[in-house]
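K.L.:
what shape does this take:
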Amino acid sequence: MQDLAVFGGPRTVPEDMLETWPPLTQEDRDAVNAVFDSNVLHGTSAPNAVALQDEFAEFIGAKYCLVTNSGTSALHMAVASLGIGPGDEVIIPAFTYWSTAAAVLHHNAIPVFVDIEPDAFCIEPSCIEAAITDKTKAILPVHIHGMACNMGPIMEIARKHGLYVIGDACQAHGAKSDGKKVGSIEDTCGFSTNRSKNLSSGEGGLFVTNNEDAFRVAGRLREFGEVVVHGEDREYNAYGMGWMYRAHEFVNAFCRAQLRRLPANNAKRQEFAQYLTAELADIPGVEGPYTPPNREPVYFSYIVKFCPEQLGLDVPVSLYKPALQKALAAEGIGLGQWQNVPVPAQSVFTDKQGYGKGCPWTCAHYGREIEYRGEDYPTTIKFIAEHAYLAGVFPPNTMELMERYIEGFKKVLSQPAAIMKLIDEAKKA
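P.N.:
All right, here's what the predicted structure looks like:
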């Protein structure tokens, strides 16, 4: 039996093997360089902006799309375009990136949090109705980690109570729920094209909807609240509170080139993930992600669960997880995470900072006391404690890397005594 790399043994994954995302090709470079040649560098009517909107709407299966400068701005437009504003409540999962809730706060509305599913980790539909009040205007499901939410019951609840559904698909380009792509199901939806996302442009976003009124309102919001019609004199009249959410043509051109390869790249992520999950099922001590039968994820993140009891180790996961991460990292297998507490436990909510002086919660028009406590979301807390994300489960990495990963997992997890040694060292430190 080989010594673990953390104790001086050979490393499983070579140091130069892991490739970064996204894969870049000459097609990407040619697309960006063509923008220089065109001398059209910005604008909502610029050729790449218009083409990207048409192409992404077709990909998702939605009627309308607007390109934006970030996923957060796309989400803000998705909220604001439906008329949600001061005094309105929007139901959000407690586990998400905090910009989901920020998009609600940006329009002076109130985020109300509910817990997540215990297996797929999206918003738990059975928790939603208890959170609905006479102030609730929308449900905002987040398709987290590339996993689509269970949209059937969510849409039923929304119809029953006359609520909008706003999608956060920033991590889920191409994911499906009941055979439909996310973004085509909800009333409005926002996507991110940040460098890390399945569809990358470096930084950017996409707003989609099937609602013509929301589309028109969002178009005004994106550009200072004005109505700007290509080829006509500009009125310079703001019809509402707007922002500067336009995207740059270099970004649009790059995103179009990446969009053409998105299906193939998603398929490769799925191939890697399915292989890893099947192999990890035979390795005690960890588990891969669960996929419900009605959903098709695109694996923005590959989730690994830490299970000390499977190795017969009577230690809390709070000690087991960092010890195992340390051992795997020495083998060249990176496992990390970006969220350490539920979003409602973050200071902006617990301290009700908002826009200052407690607004929107203390605004005269609101009139309902709401309290944010992280401990109210036990499934979210459990997920954060027990899981981490495996790096590099995407192209241009290859199946050879996935095989090395499995080799490393087997090596480390076949030596529980070595893991316990790391745990004991951590206790003494």
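K.L.:
can you get me a residue count around the closest residue to Ala78 other than its chain neighbours?
P.N.:
Among residues not flanking Ala78 along the chain, Thr188 sits closest, at 3.9 Å (Cβ to Cβ, 6 or more residues apart in numbering). Heads up, the C-betas are built off the backbone N, CA and C, glycines and all. By other Cβ atoms under 10 Å, 31 other residues sit near Thr188.
K.L.:
before we move on, what about Cys307?
P.N.:
18.
K.L.:
so how far is Asn108 from it?
P.N.:
44 Å (Cβ to Cβ, to the nearest Å).
K.L.:
what's the answer for Arg295, then?
P.N.:
From Arg295 to Asn108 the distance is 34 Å (Cβ to Cβ).
K.L.:
give me the element Leu52 is part of.
P.N.:
Using DSSP states H and E, the element containing Leu52 is helix 47-60.
K.L.:
Ile303: which element?
P.N.:
Going by DSSP H and E, Ile303 is part of strand 302-306.
K.L.:
give the buried residues for that strand.
P.N.:
Buried residues in strand 302-306, defined by neighbour count with 16 or more other Cβ atoms under 10 Å: Tyr302, Ile303, Val304, Lys305, Phe306.
K.L.:
what about the first one, distance to Phe95?
P.N.:
In this structure, Tyr302 and Phe95 are separated by 17 Å, where distance is defined by Cβ to Cβ.
K.L.:
got it, and the fourth one?
P.N.:
Remark: distance between Lys305 and Phe95 (Cβ to Cβ) = 15 Å.
K.L.:
wait, Val182 touches Ile166, no?
P.N.:
No - with contact defined as Cβ atoms under 8 Å, Val182 does not count as touching Ile166 (11.6 Å).
K.L.:
overlap of the contact sets of these two?
P.N.:
Cys189 (Cβ atoms under 8 Å, 6 or more residues apart in numbering).
K.L.:
which outside residues touch stretch 297-307?
P.N.:
Residues contacting stretch 297-307 (Cβ under 8 Å, 6+ apart): 121, 145-148, 171-175, 196-198, 266, 269-270, 272-273, 276, 280, 284-289, 291, 317, 320-321, 324, 335, 386-390, 393-394.
K.L.:
put the alpha carbons of that stretch into PDB.
P.N.:
Output of stretch 297-307 as PDB, limited to C-alpha atoms (Å, rounded to 0.1, in the frame of the first residue of the first chain):
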ATOM      1  CA  PRO A 297     -28.500  18.700 -14.500                       C
ATOM      2  CA  VAL A 298     -25.600  20.300 -16.400                       C
ATOM      3  CA  TYR A 299     -23.100  20.000 -13.400                       C
ATOM      4  CA  PHE A 300     -21.900  23.600 -13.000                       C
ATOM      5  CA  SER A 301     -20.500  22.100  -9.800                       C
ATOM      6  CA  TYR A 302     -19.800  18.500  -9.000                       C
ATOM      7  CA  ILE A 303     -20.900  17.900  -5.400                       C
ATOM      8  CA  VAL A 304     -19.100  15.400  -3.100                       C
ATOM      9  CA  LYS A 305     -20.700  14.300   0.200                       C
ATOM     10  CA  PHE A 306     -18.400  13.400   3.200                       C
ATOM     11  CA  CYS A 307     -19.600  10.200   5.000                       C
END
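K.L.:
and it, how far out from the chain middle?
P.N.:
12 Å (Cα atoms, centre = their mean, to the nearest Å).
K.L.:
where exactly do the strands run in the stretch 201-350 of the chain?
P.N.:
Remark: strands assigned in the stretch 201-350 of the chain by DSSP state E, counting those that start in this stretch are 205-209, 286-287, 295-296, 302-306, 335-336.
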